[in-house]
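**Student:** Based on what follows, work out the 3D shape:
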Amino acid sequence: MVAKKTHEVSKVGEWAFLGGVILAVLVGLVPGVLPSDLVALVLVVLGILVGLINISAKDTHEFLLATVALLVAGAAGLQTLPVVGGVVQSILSNIVSFVAPAAVIVALKAVYELGR
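**Tutor:** Model prediction:
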């Protein structure tokens, strides 16, 4: 019974991750389709779910390093690229909105484990 619940929770985490990435990319490709406040809220909630469910203690370092890379890329000013810059910047901005809450959760879990 416990294995089944763990599998179900794992599936929720997988769907949250997949949904967050797809939403971030689609809304970045076609801005203005959905209200930006709603998109941001959904991305934050999905990011929190991913941080709580998907990232294990052994994956913490790699996840946080990847998050830093995404944050740097999101702040790189790619909107100045000709033709695609605005779209790339919009997608990265949405991905940062999705990944940052997960990173906060994972970092807090890591600090808690280190302090134990």
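
**Student:** Report the buried residues of the helix ranked longest in the chain.
**Tutor:** The single longest helix within the chain, with elements called by DSSP state H, is helix 85-115. Within helix 85-115, the residues scored as buried using 16 or more other CB atoms under 10 Å are 87-103, 105-106, 109-110. Every C-beta, even on glycine, is put in place using the N, C-alpha and C of the backbone.

**Student:** who touches Gly85 in this structure?
**Tutor:** Leu78, Gln79 (CB atoms under 8 Å, 6 or more residues apart in numbering).

**Student:** first to last residue in stretch 24-40, what's the distance?
**Tutor:** Chord length of stretch 24-40, first to last residue, is 9 Å (CA to CA, to the nearest Å).

**Student:** tell me the pLDDT at the residue positioned nearest the centre of the chain?
**Tutor:** The chain has Val99 as the residue nearest its centroid, 2.4 Å off, counting by CA atoms, centre = their mean. You'll see Val99 listed with a pLDDT of 93.
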